[in-house]
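Asker: following is a predicted model, sequence given first.
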Amino acid sequence: ADAEGDPPKACRDAERAHVFTSRTGKTMQGRIFFLNRFFYPDHSATSQLLGDLAFHLADGGQSVHVVTSRLRYDDPEARLERETEEQGVVIQRVWTSRFGRHWLPGRAIDYLTFYLAAGWALLRLLQQDDVLVAKTDPPMISVLAAAVARLKGARLVNWLQDLYPEVAVVLGVPGLVPPLVSALAFLRDRSLRAAAMNVVLGERMRQYVENLGVAPERIRVIANWSDGEQTRPISRSDNPLRRDWGLGERFVVGYSGNFGRSHEFGTVLDAAARLAGDEDVTFLFIGGGARREGVEREVAQRSLGNCVFRPYQPREALTQSLGAADVHLVTLKPEMEGLIVPSKIYGVLAAGRPVLFVGDRHGELGEMVASRRIGFTVDPGDAGALEKHIRWLAAHGEECYAMGIRARALFEARFDQRIALSSWSALLEDALRA
């Protein structure tokens, strides 16, 4: 027992008996392990989604474990506790190097040390008939997860947020010569075919994974989500952030989330330059990431006084931060279609705001924006079209509001947290029963 007289954590975990009451009322046995480089209290998108699911399962009585790093996405110097328990979830944090995201060789070393440390932790912790859910940070982690799951007799579920090495090839990561890419793709494909299930974010990604030779019955589409209770539409007059940030009655074009390498910013900044003389339009950038400094630097070089930057906002403030904009930008390089789905779209829909999508108009998001009449799609490089759509939305308040109403309705029908968590619970229940 510890100093307070409680049994050690390992005994408390065993005491849970790995029992889970399923949606059918039957008692299920087994443990669920999640593998991802970041976890609560980190606020990156993959971490928040994983936290939602892990805490939901633990609240239902499931024995849930997370193997993660001691890092925070936005603070490589942070050192989180090695082993903790949060809201019923047992968290095992392994040591990794901490070079951070901005130096690619250092980033590769961070990945490698996590592979090694996490693999050793899973070899010690995983047991036969456990379920291991592997996300995709760091890239190619499914290869390690498949090997360990096979050795330990566990069942593997891959939760695919993106597809590497294809993403790295599109982004032009140095050193990815064709033989290396082929070898990595071969190992990745084997790990997907070996999994009990591969969860993808959309139909384009499902088609891509099926074309890799994965059986259709081993692929499930479960979109990422936002919490519709936590993020809700809010009017300008009821939003204190608009006042605090000095936005007044201006028409605000927002970008909220990660400034990643897969996102397109040139068109956005060119449109901001074309609108620089319009004092009634402001561009609001919220968040961080690998490209934020570059975007800020270009804004300064071009003297774009109509651009405002704010840091990541806490989840409990998303109604106000997302609601501070009248319309939101979502960007994706067209060559990334089927490899990535921008998670920021779900928060925008939850906030009841129209979407300005800069990307492939024939891609999954482009077609959804058009068919659901929730905004406009702009081809990358067409800053004139983006400027035109912004001016039209600013001049047609009722139509802009109607698009936001349709966006919220779409969210409630397809992308609310309750829908995704229900789908995940059913999938993992089936995996435990298998």
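Answerer: Sure thing, it's come through. Numbers count the residues shown, from 1 in each chain.
Asker: so what's the residue count around Ile405?
Answerer: Ile405 has 13 neighbouring residues, counting by other Cβ atoms under 10 Å. Just so you know, the C-beta spots here come from the backbone N, C-alpha and C atoms, and that holds for glycine as well.
Asker: alpha carbons only: can I get the helix or strand it falls within in CSV?
Answerer: Element membership for Ile405 (DSSP states H and E) is helix 397-410. Only the C-alpha atoms of helix 397-410 are listed here, as CSV (Å, rounded to 0.1, in the frame of the first residue of the first chain):
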residue,chain,number,x,y,z
GLY,A,397,-25.4,39.0,-43.9
GLU,A,398,-28.6,37.0,-44.1
GLU,A,399,-27.2,34.6,-46.6
CYS,A,400,-24.0,34.2,-44.5
TYR,A,401,-26.2,33.5,-41.5
ALA,A,402,-28.2,30.9,-43.4
MET,A,403,-25.0,29.1,-44.4
GLY,A,404,-24.0,29.0,-40.7
ILE,A,405,-27.4,27.5,-39.8
ARG,A,406,-26.9,24.8,-42.4
ALA,A,407,-23.4,24.1,-41.2
ARG,A,408,-24.6,23.5,-37.6
ALA,A,409,-27.4,21.2,-38.9
LEU,A,410,-24.8,19.2,-40.9
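Asker: do you know how far Val214 is from Leu201?
Answerer: Distance, Val214 to Leu201, by Cβ to Cβ, to the nearest Å: 15 Å.
Asker: Thr113 touches Trp95, doesn't it?
Answerer: Yes: in this structure, Thr113 is within contact of Trp95 by Cβ atoms under 8 Å, at 7.3 Å.
Asker: in terms of neighbours, single out the busier of those two.
Answerer: Thr113 (18 against 14).
Asker: list the contacts of the helix or strand harbouring the more buried one.
Answerer: Element membership of Thr113, judged by DSSP H and E, is helix 104-125. Outside helix 104-125, the residues within contact range by Cβ atoms under 8 Å, 6 or more residues apart in numbering are 33, 35, 37, 65, 67, 69, 71, 92, 94-101, 132, 138-139, 141, 144-145, 147-148, 151-152, 173-174.
Asker: same thing but at 7 Å, please
Answerer: Here helix 104-125 makes contact (Cβ atoms under 7 Å, 6 or more residues apart in numbering) with 35, 37, 65, 67, 69, 92, 94-101, 138, 144, 148, 174.
Asker: do stretch 387-406 as well
Answerer: For stretch 387-406, contacts defined as Cβ under 7 Å, 6+ apart pick out 233, 251, 253, 271, 274-275, 280-281, 326-327, 352-354, 356, 372-376, 378.
Asker: and it, how far out from the chain's middle?
Answerer: When distances are taken as Cα atoms, centre = their mean, to the nearest Å, stretch 387-406 is centred 27 Å away from the chain's centroid.
Asker: which of the contacts of stretch 387-406 are buried?
Answerer: Neighbour counting by 16 or more other Cβ atoms under 10 Å classes 233, 251, 253, 271, 274-275, 281, 326-327, 352-354, 356, 372, 374-376, 378 among the contacts of stretch 387-406 as buried.
Asker: in strands, which of those residues appear?
Answerer: Per DSSP state E, strands hold the following members of the buried ones among the contacts of stretch 387-406: 251, 253, 281, 327, 356, 375-376, 378.
Asker: element containing the closest residue to Pro165 other than its chain neighbours?
Answerer: Closest residue to Pro165 apart from its sequence neighbours, by Cβ to Cβ, 6 or more residues apart in numbering: Leu184 at 4.4 Å. Using DSSP H and E, the element containing Leu184 is helix 178-194.
Asker: and the helix or strand just after that helix, average pLDDT?
Answerer: Using DSSP H and E, the helix or strand that directly follows helix 178-194 along the chain is strand 197-200. For strand 197-200, mean pLDDT rounds to 98.
Asker: what packs against strand 197-200?
Answerer: strand 155-159, helix 203-211, strand 219-221 (3 or more Cβ pairs under 7 Å, 6 or more residues apart in numbering; DSSP states H and E).
Asker: out of those, deepest packed?
Answerer: Stretch with highest mean neighbour count among these: strand 155-159 (a mean of 24; mean count of other Cβ atoms under 10 Å).
Asker: what residues does the helix or strand following that one touch?
Answerer: Next in sequence after strand 155-159, counting helices and strands by DSSP H and E, comes helix 166-171. With contact meaning Cβ under 7 Å, 6+ apart, helix 166-171 is reached by 176, 181, 261-262, 335-336, 339-340.
Asker: buried residues in helix 166-171?
Answerer: For helix 166-171, burial by neighbour count (16+ other Cβ under 10 Å) applies to 166-170.
Asker: out of those, who's nearest Ser237?
Answerer: Distance to Ser237, by Cβ to Cβ, is smallest for Val167 among the buried residues of helix 166-171, at 42.1 Å.
Asker: pLDDT wise, what is that closest one at?
Answerer: 96.
Asker: distance of it relative to Thr136?
Answerer: Remark: distance between Val167 and Thr136 (Cβ to Cβ) = 9 Å.
Asker: what about the contacts of helix 104-125, which are in helices?
Answerer: Counting by DSSP state H, the contacts of helix 104-125 place 144, 148 in helices.
Asker: from the contacts of helix 104-125, list the buried ones, please.
Answerer: Using 16+ other Cβ under 10 Å as the burial test, those include 35, 37, 65, 67, 69, 92, 94, 96-101, 138, 144, 148 as buried.
Asker: tell me which of those residues is nearest to Gly305?
Answerer: Minimum distance to Gly305 across those is 29.0 Å, recorded for Arg101 (Cβ to Cβ).
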